[in-house]
Structures are given as C-alpha cells and as structure tokens.
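[1] Here is a sequence with its predicted model. Questions after.
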2 protein chains.
Amino acid sequence: MTKFEITILGCGAALPTLRHFTTTQVLNIHEKFFMLDCCEAAQILFLKADQLKFGKLDHIFISHRHGDHCFGLPCLLSSMSLMGRVAPLHLYMTPDLEPQMRQVIDFFCHIPFEIVFHTLNPDQPERIYEDKEMVVESIPMNHGVPCCGFLFKEKQKPNRLLREKTDAYDIPVTQLAKIKDGADYVLPNGTVIPNSKLTEPIDELPKSYAFCSDTLFNPNMFEQLRDVDVLYHETTFSDADIDRAVEWKHSTAKQAAETARAINTKQLIIGHYSTRYDEAALLAEAQAVFPNTIAAYDGMVFTLPEKTRSLEF
Amino acid sequence: MTKFEITILGCGAALPTLRHFTTTQVLNIHEKFFMLDCCEAAQILFLKADQLKFGKLDHIFISHRHGDHCFGLPCLLSSMSLMGRVAPLHLYMTPDLEPQMRQVIDFFCHIPFEIVFHTLNPDQPERIYEDKEMVVESIPMNHGVPCCGFLFKEKQKPNRLLREKTDAYDIPVTQLAKIKDGADYVLPNGTVIPNSKLTEPIDELPKSYAFCSDTLFNPNMFEQLRDVDVLYHETTFSDADIDRAVEWKHSTAKQAAETARAINTKQLIIGHYSTRYDEAALLAEAQAVFPNTIAAYDGMVFTLPEKTRSLEF
C-alpha cells in the first residue's frame, strides 16, 4: 500500500492572521513531495512540519498570482540556494505570473540550480506531470485572473503475475515483465495465452486528490473531477454573502459542498476562510449539503485511506 | 519623559529557522512607529507583538536588497491595502532596489494609498527624515551591495521657561513661544535680557539608536556614530571565522564589540546570527571586548533608559 498524504501548511484567505497562514499544502505521494501554492512563511511552516524535507521537494505548483498564494516562493528558493541545492526544481505557474516571477528570482535570488518553468494553461485541463506511478492535471479555475487547481491521480498498478500459471506454461523469466505490463504470451506451438490467464488485478485501487484554490462556483470542472476521492475546495464566504462571493470571484461553503456532491467525491476538505467568519459556521453550512466535510487547519495532516476492490473507503 | 523602544521581530541571518526569523525591528519613538527592514513574515510578527498597530506605521526603512531583509515588504503592503489603509506610506531604500521593488508592488499588490519612495544614498550619511522631535540619518554600510544602516536621534527638547522671570520682566504671553525657542527679549527701554536669564535647560537629554544591519567591520562609520546610546550591530560570524566574514562581507562578534567600544556607545545589542554558531559563544566573544553587550532574540523589547543631565544611565 502506498502513501498519499496531504499536509495543510496554511489555509487562511488573503490576510494572514495569528490563526492561519495563507494557502500552502504539501503532498507526499509515495515519498515524492509536491508543494501546492507557496504563501509567505511557507518555508518556515515546511520546516515545522515533521517529515517534510526541502531536499525532497522537486515540484512546486502555483495556482495564481495573488500574493497569499505565491509570496513565499522567492524566499523558499533563496533558502534552497543557501542550503546548497543542486537538483533541478520544477515550477508550474500561469503565463501572466511566470515572467514576473522570473524577474523577481533573477534579481533577488541567486540560484545555482536549474529552474524548469512549466507554463499552465488556465483555459483547459492539461496533463502537466506524469511518472510511472501518477499524473497531475491542471484544473481551470474561475477567479478573475488566470488560475489553476491541480488534480493528482495515482495510476492503476499493474496486475499481479500468477506465478503458478507462468511456471505451468514454462514462460521464460525474460518475458515476465512484458506479461506484467499486459502482454499475452504465445506458446511455441502458436497458441495464444491471453494475459487474463496469466495475471490478476491487484486489490489496491488508485487514489486521487483535487486542490481547488480560488474560484467562483465552477460547474465546468465537474466532469474532470468526477469521483475524485478527496476534494479540497475554497470556502471564502458564507452563502449569506453570496453576492460578495460573486463580486470577489470566490465560493461559499454551500457551493463547495454542492461541488463535492456533484462530482461524487468521498471527502470534502474546506479552507481559505475569510477572517469575517466563524469557521464552525462555514463547516456546518457545508455539512448540511455534504456531510462528509472537514475543516482544514494549519498543520493538518490528512492521509488518504487505502482504496481496494474488496473494501472501498 | 518620552518613549524610545526597540522591538526585535527577527534577528537571524539569511536562513530563517525555527528559532529566528530574519532581520526586522520596529521602533516606537514617542508613539511614532518606524520599521527597520521587513523580513518574510514580518507582518505576522508585527501582529504578534502587542502594542504594534499597522495603522501607526508610516515609515519603513530597508537596508538592502537581500531577501532576508526585504522579502516581507510586498506581503505587508498587500495586507495594508486589504485592511483599507488610506494614509501615505514612506519607503526608504537604496537605488538598486527601488525600481525592482516598485515593479513587484505594481504587479502583485493593489495599493490604494500613496507610496512615497525615498532613495537612500549608500555612499555617504544623509538626513533622511526629520520632524520636530527627531531625525533619522542613513549610515553607509560596507556589504558588497548598496546598503545603509539607520541612526535615530531625538532632538534636544527646548529649554523650560522661567515663569517667575518672564513675569518679573512683564513679558507678554505672545512672546513666550519665541523665548522658549531661544530668543532673547528686548525691554521697551532697549535693554536686552539674554535667553539664558529667562529659560533653563530641561533635565532630559536626547537619546539615540543606531541600527547597523549587514556590514564588514566598518570604521568609516565611527565618527557618525560617536556616543550613540544604543548600537545594534550584526555578528554573523565568530572571530575564529574572520576570513569567512570578510568573504561574505559580514562582521564577527569581536568586531561588533570593537565598534561599540570605538564609538563609545553605552549598550551593544548583537544579532544576525549565522545558524552555524551557538549564540552564547558569540555573546561571550563580544562581551570579552565590550561587557555591556546583550544578545537579541525574536520578540525582545528594549526600552532605552531615560537620559538626564542629573543622572545619565
């Protein structure tokens, strides 16, 4: 079973307070670390979080240009330099932000390692990262400025070899990797043994997480997020202030819950709270629509439950 | 008696740690607030410090372009905007930093109030602020990039009127302000009563504070800082690593103490500690040369003792 862990470093909106830093999360997926947004003081929050190590962080995804989501990035990069980083670092951001951030980095930070910029398309979902275990897709948000959320999906692990069958057919060891990857096997006499006779699906199912940073209520993303296991969605306003949410291009707690219900997620995590609200009230508002909702707090570590064919969570 | 209080919000060097944020101080001089440098998370440290209010902060002095001294500025300005500030804000910085910081502010912050930029001269001391109670001078540092420290000096308060004398000479009330400001008085018969017969110096003497952010050992500043009451001086390195201090254009603890002794200050405060040292060792090194040395810590509030003709501290 593989680790899929979300650490919320900050979950306040716009103004940092003594209760919340602004938006930053770190994902640990199979001991690969991904940072989502990078608020002021993110590097210090990162240090405070046990088990997070700068050296393991190779990918930072910035949702949009607003300072509460990105002001910590030059600070973090400077510290990485001072700490002697040599590995390349991958930064993902929207095309309006990238040239500005490049200029800030060039002037303020002295970076001895390679920075690989990846330009996000804020208009349609794109696959922006892939390795043999997982993929990341951008999720277009609707926030007045170019803005993307991020969808992390594990890949289905390959089937398990049925060794008693491969032995029975006397299949050479050199062929086993291909069969594990899905190939059929042809016996010397020409008979085809279909893959389904030689392997069986493993019990573990791939898990997925969607991070929706700042957005108006956004039905355009429902199709992409259908059945995602865990959804983080901003809840800047209460539904009583929906006019204000529309004006500022944010969502209400009720709308976040409606999104969770519409996409059939299992777990909603809310955050990005405006300081004007009691968070318990926002949580209650969301739970009235989607009961399986929890409220993020700074320092929260949420581990995605294992998901198996035999017992889904 | 008037308040002159230094709050150390952060006093670490370069890399923030769980023990220290980087350089930021706030001075409260007669309930006017002045920020010296603005590190990442300065606004949060400011919120944490009792008695400091954003609304009272009208002047921010940035010593130089290194991120550990200025990365918090765009964050602070953004928050001031969100909090509805309308009063002008004065920013003081070196000419290399100013255009870059203007661009960052223009792109990332939406500032509804006026920002007045004051360009520091990193080559010679200049009077950069003055009101009826105090002055601020820039102090050229020697740090490889344009860099200034800041010298805060109260003005001597005007003499006290000797009312029994002004009454005895039957001096009209309309003339008293002039006499308090130092004028002599001419009687109707032409006799000049010198000011010294009509006033006496008050007991309170003006206090002064010098903030020397990042610098090589810098005898060029000794004359300007002669007899300053309290000196904050960086001590990034131990004298055992003086070669490294020279390479990085920083000072050792011993050099900070030698500076304190040379300028005849009453109190040395050290800070800007490299993470490689035990701070107690740096303090001991400084105290061996200048016993009246204390080590800054994040959150320290240092009140300048009253200074009087009758009893100097």
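    Perfect, thanks for sending it. Numbering: from 1, shown residues only, chains lettered A, B, ... in the order given.
[2] going forward, measure contacts and count neighbours with C-alpha atoms only.
    Will do.
[3] Check what pLDDT residue A:119 gets.
    Listed pLDDT for residue A:119 reads 98.
[4] Repeat that for residue A:88.
    At residue A:88, the predicted lDDT confidence score is 97.
[5] List the contacts of it.
    Contacts for residue A:88 (C-alpha atoms under 8 Å, 6 or more residues apart in numbering or on different chains) come out as A:58, A:113, A:114, A:115, A:116.
[6] Kindly report the same for residue A:156.
    Contacts for residue A:156 (C-alpha under 8 Å, 6+ apart) come out as A:133, A:205, A:206.
[7] Which of those are buried? Put it as a ChimeraX command.
    Buried members of the contacts of residue A:156, defined by 16 or more other C-alpha atoms under 10 Å in any protein chain shown, are picked up in ChimeraX with:
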select /A:205,206
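[8] Which member of the contacts of residue A:156 is positioned nearest chain B?
    residue A:133 (33.9 Å; C-alpha to the nearest C-alpha).
[9] what's the spacing between the closest residue to the closest one other than its chain neighbours and residue A:310?
    In space, and not counting its chain neighbours, residue A:133 is closest to residue A:155: 5.4 Å by C-alpha to C-alpha, 6 or more residues apart in numbering or on different chains. Computed with C-alpha to C-alpha, to the nearest Å, the distance linking residue A:155 and residue A:310 is 18 Å.
[10] Which one of the two is surrounded by more residues?
    residue A:155 (16 against 9; other C-alpha atoms under 10 Å in any protein chain shown).
[11] name the element the residue lying farthest from the centre of chain A belongs to?
    For chain A, the largest distance from the centre (C-alpha atoms, centre = their mean) belongs to residue A:189, which lies 49.3 Å off. Using DSSP states H and E, residue A:189 sits in no helix or strand.
[12] residues contacting it?
    Applying C-alpha under 8 Å, 6+ apart to residue A:189 gives no contacts.
[13] same for whatever helix or strand residue A:287 lives in, what does it pack against?
    Per DSSP H and E: residue A:287 is located in helix A:279-289. Helices and strands touching helix A:279-289, by 3 or more C-alpha pairs under 8 Å, 6 or more residues apart in numbering or on different chains; DSSP states H and E, are helix A:253-263, strand A:293-295.
[14] What angle do helix A:253-263 and that helix make with each other?
    30 degrees (axes from the mean of the first three to the mean of the last three C-alpha atoms, to 10 degrees).
[15] List the buried residues in helix A:279-289.
    A:279, A:282, A:283, A:284, A:285, A:286, A:287, A:289.
[16] Kindly indicate which of these lies nearest residue B:275.
    Among the buried residues of helix A:279-289, residue A:279 lies closest to residue B:275 (C-alpha to C-alpha), at 38.1 Å.
[17] you'd agree that closest one is up against residue A:270?
    No. Using C-alpha atoms under 8 Å, residue A:279 makes no contact with residue A:270, being 9.6 Å away.
[18] Quickly list what's touching both of the two.
    residue A:295.
[19] Model confidence for the residue of the stretch 101-250 of chain A found nearest chain B, exactly?
    Of all residues in the stretch 101-250 of chain A, the one sitting closest to chain B is residue A:108 (6.3 Å; C-alpha to the nearest C-alpha). The pLDDT attached to residue A:108 in the predicted structure is 95.
[20] tally of neighbours for it?
    So residue A:108, with other C-alpha under 10 Å, has 19 neighbours.
[21] Then residue A:240?
    Number of residues near residue A:240 (other C-alpha under 10 Å) recorded here: 11.
[22] helix, strand or coil for it?
    At residue A:240 the chain is in helix, as set by DSSP: H, G, I helix; E, B strand; the rest coil.
[23] Quick check: the gap between it and residue A:219.
    20 Å.
[24] quick one, helices of the stretch 1-150 of chain A?
    A:42-48, A:67-70, A:73-82, A:97-108 (DSSP state H, counting those that start in this stretch).
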